[in-house]
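**Q** Kindly generate the corresponding structure for this input.
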Amino acid sequence: MSYPRLVGVTPDGQKVELPALTEIQINWEEGLPAALLINPEHLKGNSLSLEVGSLEDETDHIEEYGVLVLKPGACNLVDIEIENHRMDDADEEA
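**A** Numbers count the residues shown, from 1 in each chain. Prediction:
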């Protein structure tokens with residue numbers, strides 16, 4: 001599998017190479033966690049997926065999450081898909 005060339009930029013403008021990075025997990029001090037997936041296995045072709053918890057139950061377990069998917073399109077266009085998913089037992093165990 002080939003990985004995209006990823007470069008991170010620090011607050012002071014320094015560029016950092018990020019070889020073979022496939023996921024960034026974001027845990028805010030407040031709010032629900034998010035994950036940025038680079039070429040996730042469950043999607044075909046090149047894509048970037050931002051998955052954000054959107055609903056918690058009374059025990060603070062995420063019950064729903066929103067997904068924003070960006071895919072490169074033809075002629076410098078980007079396809080955007082926005083979805084909402086309920087967690088099932090398989091997702092919660094992962």
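**Q** Off-centre distance for the longest strand anywhere in the chain?
**A** For the chain, the longest strand by residue count, based on DSSP state E, is strand 62-72. Strand 62-72 has its C-alpha centroid displaced from the chain centroid by 7 Å (CA atoms, centre = their mean, to the nearest Å).
**Q** in its sheet, what does that strand sit against?
**A** Here strand 62-72 is paired, per DSSP bridges, with strand 48-56 (antiparallel), strand 78-86 (antiparallel).
**Q** pull the helix or strand with minimum mean pLDDT from this protein.
**A** helix 89-93 (a mean of 48; mean pLDDT, DSSP states H and E).
**Q** Could you list the low-pLDDT ranges of this protein?
**A** Along the chain, segments meeting pLDDT under 70 span 1-3, 55-56, 60, 62, 74-75, 77, 87-94.
**Q** What residues are recorded as beta-bridge partners of the spatially most central residue of the chain?
**A** Nearest residue to the geometric centre of the chain (CA atoms, centre = their mean): L36, 2.4 Å. Under DSSP bridges, the beta-bridge partners of L36 are I24, L50.
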